[in-house]
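In: Next one to model:
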Amino acid sequence: MLARPCHVFLAILTLAAALWWADRTMAQQRYSPYQQPRSSRDRYAPPRQVDPRDRVARQPQRNGAAGPQQRPAQGINQRPVAAGRMAPRAPFTLTREHAEFLDKVLKHWEKESAKIKTYQCRFIRREYDPIWGPPDPNQPKTESDGQLKYAKPDKAMFRIDEIRHFTKPQRRGDKASYKTKPGEFGEHWVCSGSSIWEYNFKKSQLIEHQLPPEMRGAAIANGPLPFLFGAKAAEMKARYWMRVITPKGVNDQIWLEAFPKHRQDRANYQRVELILDLNSFLPKALQVYLPNKKNRTVYSFYKIVLNDKFDFLKRDFAKPSLPRGWQKVVEPAPVARRPAPRAVNNNRLPPANRGFQPTNRGGRFQR
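Out: The predicted model follows:
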């Protein structure tokens, strides 16, 4: 039961897109960590000879052989696979130069994220549904206003204040509009560090989802979408196939695209696109494509406040009080499974240990 609220809370938080990066160049020079760049724009400009939008770079050859322009360097986008298991194929390949540039971006992003102690912002969420939504697939089905707050290492708050639904025009020639529904409330989550508190307005329930120890503390960065929580560059590369996709002419942003490698992430989303501000390296927009590759959700962040000195006076992450007439529901943290004991061959034990027999007195191993 914990997977659902954690996914909804953290995925919505980002906490899931559009695209980014500055189209300046390094003038075909290799960047040296001992050489001070002239400006941040020069330092984080993608290599000119690498076009992330290039069709050849986007689509590997069907026969599995890499062409001369798309052959990746050894080790790039590759990982060892256990015998008998099929590893998912990377959706693209990177040249060595592009991979080095991506490493530089992720490391600087990790460095800047480490400076954030508290974070708060307002956001606009737009949900696109080409099947049940408006006739125009680029027109959102719903628009929502909300706010997001985060305190290092594991406290967060997500709340939707208003939801507006697409409404068809009543007469010919009129424009479509977005209207609210009376009595409708949006999502509201509070993570206190040890539990995630969910407000269920339909059932008048305050649900406490207790977190297991492995999900507490800094491990929140390893949630379904770590892009707003400053995950380590190495961990993000191990979890996603990533590349820079900044369109030409965009000089003040960095656009990233990430495809999940693991099955549990692919069950939640097909890919994520993120826009970073080139100067602050803070997310400006996040777009999450659902597994059906058609529905998507876009978050635009604004009014960002970092490291508020008076944040300690607020009670945004405290245990919520139970509203009058509501019911409190507690969902305990799932118990981690313990491996079954292995049979011990007493004849192979060292002489000093022979005669020792492992026992399980009264206990039961959970499977």
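In: hey, let's count contacts and neighbours off CA atoms from now on
Out: OK.
In: Any stretches of the stretch 151-300 of the chain with poor pLDDT?
Out: Per-residue confidence for the stretch 151-300 of the chain (pLDDT under 70) gives these ranges: 218-226, 229-230.
In: again, only using 90
Out: Judged against pLDDT under 90, the low-scoring parts of the stretch 151-300 of the chain cover residues 151-156, 169-176, 192-194, 211-232, 235, 264.
In: ok, now the stretch 1-150 of the chain?
Out: In the predicted model of the stretch 1-150 of the chain, residues 1-89, 113, 135, 150 satisfy pLDDT under 90.
In: at 50 what do you get?
Out: Using pLDDT under 50 as the threshold, the predicted model of the stretch 1-150 of the chain has low-confidence ranges 1-43, 48-83.
In: what ranges do the helices span in the stretch 151-300 of the chain?
Out: Taking DSSP state H, counting those that start in this stretch as the criterion, the stretch 151-300 of the chain contains helices spanning 233-239, 263-266.
In: and the end-to-end length of stretch 115-135?
Out: Taking CA to CA, to the nearest Å, the span from the opening residue of stretch 115-135 to its closing residue is 44 Å.
In: Only the buried residues of that stretch, if you could.
Out: Taking 16 or more other CA atoms under 10 Å as the basis for neighbour counts, the residues of stretch 115-135 that come out buried are 116, 118-120, 122-130, 133-134.
In: re the thing from before, closest one to L211 among the helices of the stretch 151-300 of the chain?
Out: In this view, the helices of the stretch 151-300 of the chain are compared for proximity to L211 by CA to CA, and helix 263-266 is the closest at 18.1 Å.
In: Using the three-state scheme, assign A99.
Out: Following DSSP: H, G, I helix; E, B strand; the rest coil, we place A99 in the helix state.
In: again, but for W109
Out: When the structure is reduced to helix, strand and coil (three-state DSSP), W109 reads as helix.
In: Hmm, it is touching F281, no?
Out: Yes - taking CA atoms under 8 Å as the contact criterion, W109 and F281 are neighbours in contact, 6.2 Å apart.
In: Could I get the helices of the stretch 151-300 of the chain in JSON lines, plus columns for distance to A333 and mean neighbour count?
Out: Converted to JSON lines, those look like this (distance: least, CA to CA, whole Å; neighbours: other CA atoms under 10 Å):
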{"stretch": "helix 233-239", "distance to A333": "24", "mean neighbour count": "16"}
{"stretch": "helix 263-266", "distance to A333": "19", "mean neighbour count": "14"}
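In: want to try CSV for those helices, with distance to S204 as columns?
Out: Rendered in CSV, the data for these read as follows (distance: least, CA to CA, whole Å):
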stretch, distance to S204
helix 233-239, 37
helix 263-266, 31
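In: among these, which is nearest S144?
Out: Evaluated over the helices of the stretch 151-300 of the chain, closeness to S144 peaks at helix 263-266, with 24.9 Å, by CA to CA.
In: hey, C-alpha coordinates of that closest one in PDB?
Out: Provided in PDB are the C-alpha atoms of helix 263-266 (Å, rounded to 0.1, in the frame of the first residue of the first chain):
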ATOM      1  CA  ARG A 263      10.900  -2.000 -14.100                       C
ATOM      2  CA  GLN A 264       9.300  -0.400 -11.000                       C
ATOM      3  CA  ASP A 265       9.900   3.100 -12.500                       C
ATOM      4  CA  ARG A 266       8.700   2.200 -15.900                       C
END
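In: in the stretch 151-300 of the chain, which spans are strands?
Out: When secondary structure is read from DSSP state E, counting those that start in this stretch, the stretch 151-300 of the chain shows strands at 155-167, 177-179, 188-191, 195-200, 205-210, 240-244, 253-260, 271-277, 283-289, 296-306.
In: now those as JSON lines including distance to P334 and mean neighbour count?
Out: JSON lines is the format used below for the strands of the stretch 151-300 of the chain (distance: least, CA to CA, whole Å; neighbours: other CA under 10 Å):
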{"stretch": "strand 155-167", "distance to P334": "20", "mean neighbour count": "19"}
{"stretch": "strand 177-179", "distance to P334": "40", "mean neighbour count": "13"}
{"stretch": "strand 188-191", "distance to P334": "17", "mean neighbour count": "23"}
{"stretch": "strand 195-200", "distance to P334": "12", "mean neighbour count": "22"}
{"stretch": "strand 205-210", "distance to P334": "8", "mean neighbour count": "20"}
{"stretch": "strand 240-244", "distance to P334": "26", "mean neighbour count": "23"}
{"stretch": "strand 253-260", "distance to P334": "25", "mean neighbour count": "24"}
{"stretch": "strand 271-277", "distance to P334": "28", "mean neighbour count": "24"}
{"stretch": "strand 283-289", "distance to P334": "28", "mean neighbour count": "24"}
{"stretch": "strand 296-306", "distance to P334": "29", "mean neighbour count": "19"}
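In: for the ones you listed, which one sits closest to V329?
Out: Comparison of the strands of the stretch 151-300 of the chain against V329 by CA to CA identifies strand 205-210 as nearest, at 4.6 Å.
In: could you dump the closest one to CSV, C-alpha only?
Out: Output of strand 205-210 as CSV, limited to C-alpha atoms (Å, rounded to 0.1, in the frame of the first residue of the first chain):
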residue,chain,number,x,y,z
GLN,A,205,-10.2,10.4,6.3
LEU,A,206,-6.8,11.5,7.5
ILE,A,207,-4.5,8.6,6.5
GLU,A,208,-1.1,8.0,8.0
HIS,A,209,1.2,6.0,5.7
GLN,A,210,4.1,5.0,8.0
